[in-house]
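# Please work out how this folds:
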Amino acid sequence: MRFITLSIAALATVASTVLAGESVKIEVTRAVECERKSQKGDKISVHYRGTLQSDGKQFDASYDRGTPLDFVVGKGSVIKGSRWDDNLLDMCIGEKRTLTIPPEFGYGDRNMGPIPAGSTLIFETELMGIEGVKAPVSIVEKPIETSSSGKAESVAEKTEGVKAAVESKIAEAIEAAKVVVADTDDDAQEHNEL
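The predicted model follows:
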């Protein structure tokens, strides 16, 4: 019973933390038609430009180096622990997206090189390739869906980052609950340290 109470409390805390904050905003700036979109586990090549929302100052850009960033989508390895890369799922080669990443999905309260603590980050991204997927001979653009406010957005794309963050936090809570269970004795002695 105690385990269930602790598990529910942990999950509620995690869910309220994730849902209370802002979500990652995804704006498709060039929509492209394709047969195969990026999927979790794909090794992809992405060009990007990262700027601070506060003053527009650029802090990094693969475009300047002339080499896209290669990584496996869905491993959370671009900004450690942030699931930044999950916002690049379901992209076509040649598609461009602008990601607005609030601090809780970026570096939080940590300074990171030229990025001040608490910064909202803007990433202009362009999918250059998916390993094992033939690049199209030509990019076929398609109209960008717009909301009533005129902003380009898709409900599925807008919620993908939040969904990934919630899944990640729930997985962390489950692991924490497993540690609590593993830490209990078989002799039925109750631990009241918590």
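
# Let's verify Ile174: helix, strand, or coil?
The assignment at Ile174 comes out as helix when based on DSSP: H, G, I helix; E, B strand; the rest coil.

# try Gly129
Here Gly129 is strand, with the state taken from three-state DSSP.

# Now do it, the pLDDT please.
pLDDT, the model's per-residue confidence, is 97 for Gly129.

# Now it. Nearest residue, chain neighbours left out?
Nearest residue to Gly129 in three dimensions, chain neighbours excluded: Ser45, at 4.3 Å (Cβ to Cβ, 6 or more residues apart in numbering). Quick note: C-beta positions are derived from backbone N, CA and C, even for glycine.

# tell me which residues form a beta bridge with that neighbour?
Beta-bridge partners recorded for Ser45 (DSSP bridges): Asp70, Gly129.

# Could you report the neighbour count for it?
Other residues near Ser45 number 18, with proximity taken as other Cβ atoms under 10 Å.

# quick one: it and Leu69 touch, right?
Yes: counting by Cβ atoms under 8 Å, Ser45 sits close enough to Leu69 to count as a contact (7.1 Å).

# Can you name the residues that contact the residue nearest to Gly129?
Ser45 is in contact with Pro68, Leu69, Asp70, Leu127, Met128, Gly129, Ile130, Glu131, counting by Cβ atoms under 8 Å, 6 or more residues apart in numbering.

# for Arg49, same thing?
Residues in contact with Arg49 (Cβ under 8 Å, 6+ apart) are Gln58, Asp60, Ala61, Ser62, Tyr63, Phe123, Glu124.

# and if you look at Pro68?
Contact analysis of Pro68 by Cβ under 8 Å, 6+ apart lists Ser45, Val46, His47, Tyr48, Ser62, Met128, Gly129.

# Which parts of the chain are strands?
25-32, 43-52, 58-61, 69-72, 96-101, 121-130, 141-142 (DSSP state E).

# what would those strands look like in TSV with distance to Pro114?
Below are the strands of the chain laid out as TSV (distance: least, Cβ to Cβ, whole Å):
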stretch	distance to Pro114
strand 25-32	22
strand 43-52	8
strand 58-61	4
strand 69-72	17
strand 96-101	16
strand 121-130	11
strand 141-142	34
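
# who wins for proximity to Gly113 among the ones you listed?
If you check each of the strands of the chain against Gly113 by Cβ to Cβ, strand 58-61 wins as the nearest, at 7.0 Å.

# which residues touch the closest one?
Contacting residues not belonging to strand 58-61 are listed as Tyr48, Arg49, Gly50, Thr51, Leu52, Gly113, Pro114, Ile115 [Cβ under 8 Å, 6+ apart].

# Nothing else from me, thank you.
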